[in-house]
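Undergrad: need a structure here:
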Amino acid sequence: MLLLNKYLKIRILLLAVSVFFLKNIYSQNLIRNGSFENYNTPINWNLWGGDFIGYYTWPPDTVMIDWGGYQTPDFLTAACPHTYSGVPINLFGYSNTKNGNGYVGLGVYEKGGYGKEYIYQQLSQPLQSGKIYCLSFYVNRADRFTYAIKNIGALFSNSLQPLTNGYEINATPQVVNQGPIISDTTNWSLIQGCFTAIGGEQYITMGNFTTNFNTDTLNTNSTNLVPGRENTSYYYIDEITLIDQTPVGIQDTSSLNEVVRVYPNPANDILNFQFYYAEEKRKVELYDAIGNLVFEKDASSNYLSLITNNLYNGIYFVRVVYSNGLSETKKIIKQ
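TA: Here you go, the predicted structure:
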């Protein structure tokens, strides 16, 4: 046991160093202006209606920095002196930001119509082949629209994708909402997912990539609807983050005499634990990326398996707590 304690202390020191470097990795967000705080002040606030590019002047008044849009997505900010494009009150409803002073809004569905909007940007650097990238962003349904939907996602591509039939993009996004239909108009909902890059992807496009016919919808029976938009769905988007999460040193490292091996990483349907020291009792805890405990189990044997096919794709942290009070934490990716 003394040998185990000494080894665990060394592991904790190494883990602290790893966390320092991981923190720096986390800070390298490949999305530029992901919280929509950078913009050019409109030439005339009173004429500006929330457009990324305002055509009420010549040359056009480019307001949104780093982002472009298909159709007419909206930039909404607390700096706007009128409520049409303000925060938290705007034409589309009421919502505080997830972070900062601004967010964007876009129509993602129109029953029997063509009301789909998308936002896009060129990433700060192209994605590298074989690397694992994790995207997270928050959405909030605008309350002056009838429909809530499920199919909100993000597409990564080498070039910007054209609109099919002039109003939607026919492509399969790498990251899409895996949860239920998002009907909440009060709290921001997290959408996240990880994928392996083909290589060369340098654009992100966000919106609904499912045909209107196949989009999962819910009639919320909302009141005080935006005139002329009674059969549509509209969402705010904020705090977009894309980071390189390629695992380092968390695969088959038994030759390094680890206390615990966690594999495979990334995981799909099952996650295995192999302990290299006998101990009467350990506790295994699994947390999601925002710190919620999603699983815990006491483990006395040297092997433990966890079924993960019911977990959403994304980043998780495994914490093993030993009987002597020491613990070890590992990052894993569910894809």
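Undergrad: Find the residue ranges of the stretch 101-250 of the chain scoring beneath the pLDDT cut-off.
TA: Low-confidence segments of the stretch 101-250 of the chain (pLDDT under 70): 246-250.
Undergrad: give me that answer again for 50
TA: When residues are selected by pLDDT under 50, those of the stretch 101-250 of the chain lie in 248-250.
Undergrad: Please, where are all the strands along it?
TA: For the stretch 101-250 of the chain, the strands defined by DSSP state E, counting those that start in this stretch cover 102-110, 118-122, 132-141, 147-149, 153-157, 175-176, 189-196, 203-207, 217-219, 232-244.
Undergrad: can I get the CA coordinates of the last one in PDB?
TA: Put plainly, it is strand 232-244. Below are the C-alpha coordinates for strand 232-244, written out as PDB (Å, rounded to 0.1, in the frame of the first residue of the first chain):
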ATOM      1  CA  THR A 232     -41.800  28.900 -38.300                       C
ATOM      2  CA  SER A 233     -39.100  28.000 -35.800                       C
ATOM      3  CA  TYR A 234     -36.300  30.400 -34.700                       C
ATOM      4  CA  TYR A 235     -33.400  29.900 -32.300                       C
ATOM      5  CA  TYR A 236     -30.700  32.100 -30.700                       C
ATOM      6  CA  ILE A 237     -27.100  30.800 -30.700                       C
ATOM      7  CA  ASP A 238     -24.300  31.700 -28.400                       C
ATOM      8  CA  GLU A 239     -20.900  30.600 -27.100                       C
ATOM      9  CA  ILE A 240     -19.500  28.400 -29.900                       C
ATOM     10  CA  THR A 241     -16.300  26.500 -29.100                       C
ATOM     11  CA  LEU A 242     -14.300  24.100 -31.200                       C
ATOM     12  CA  ILE A 243     -11.200  22.500 -29.800                       C
ATOM     13  CA  ASP A 244      -8.700  19.800 -30.700                       C
END
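Undergrad: Tell me how far the helix or strand following that strand lies from the chain's centre.
TA: Using DSSP states H and E, the helix or strand that follows strand 232-244 in sequence is strand 260-263. With CA atoms, centre = their mean, to the nearest Å as the basis, strand 260-263 stands 26 Å off its chain's centre.
Undergrad: Spit out the contact partners of the most centrally placed residue in the chain.
TA: Per CA atoms, centre = their mean, the C-alpha nearest to the average position across the chain is that of residue 136, at 1.4 Å. By CB atoms under 8 Å, 6 or more residues apart in numbering, the residues touching residue 136 are 190-192, 239-241, 289, 314. Placement of C-beta: from N, CA and C, glycine included.
Undergrad: Neighbour count and distance to residue 123 added to these, as a markdown table?
TA: Formatted as a markdown table, the contacts of residue 136 follow (neighbours: other CB atoms under 10 Å; distance: CB to CB, whole Å):
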| residue | neighbour count | distance to residue 123 |
| --- | --- | --- |
| 190 | 18 | 21 |
| 191 | 23 | 18 |
| 192 | 21 | 17 |
| 239 | 18 | 17 |
| 240 | 25 | 11 |
| 241 | 16 | 12 |
| 289 | 15 | 21 |
| 314 | 23 | 20 |
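Undergrad: Of these, which is the nearest to residue 202?
TA: Ranked by distance to residue 202 (CB to CB), the contacts of residue 136 are led by residue 240 at 15.7 Å.
Undergrad: from what I can see that closest one touches residue 137, true?
TA: Yes - applying CB atoms under 8 Å as the test, residue 240 and residue 137 come out as touching, 4.2 Å apart.
Undergrad: residues bridging contact with the two, i.e. touching both?
TA: With CB under 8 Å, 6+ apart as the test, residue 240 and residue 137 both reach 34, 206.
Undergrad: neighbours around the closest residue in space to residue 303 that isn't next to it in sequence, how many?
TA: Among residues not flanking residue 303 along the chain, residue 274 sits closest, at 5.9 Å (CB to CB, 6 or more residues apart in numbering). By the criterion of other CB atoms under 10 Å, residue 274 has 15 neighbours.
Undergrad: Buried ones in stretch 281-294, by neighbour count?
TA: Going by neighbour count (16 or more other CB atoms under 10 Å), the buried part of stretch 281-294 is 282, 284-288.
Undergrad: Stretch 44-59 now?
TA: Buried-residue list, stretch 44-59, by 16+ other CB under 10 Å: 48, 50-52, 54.
Undergrad: Start and end of that stretch, how far apart?
TA: Using CA to CA, to the nearest Å, the end-to-end distance of stretch 44-59 comes to 14 Å.
Undergrad: what do you get for stretch 168-175?
TA: This stretch, stretch 168-175, spans 17 Å end to end (CA to CA).
Undergrad: Kindly report the same for stretch 53-66.
TA: Terminal-residue distance, stretch 53-66 (CA to CA): 12 Å.
Undergrad: now that stretch: mean pLDDT?
TA: Averaging pLDDT along stretch 53-66 yields 84.
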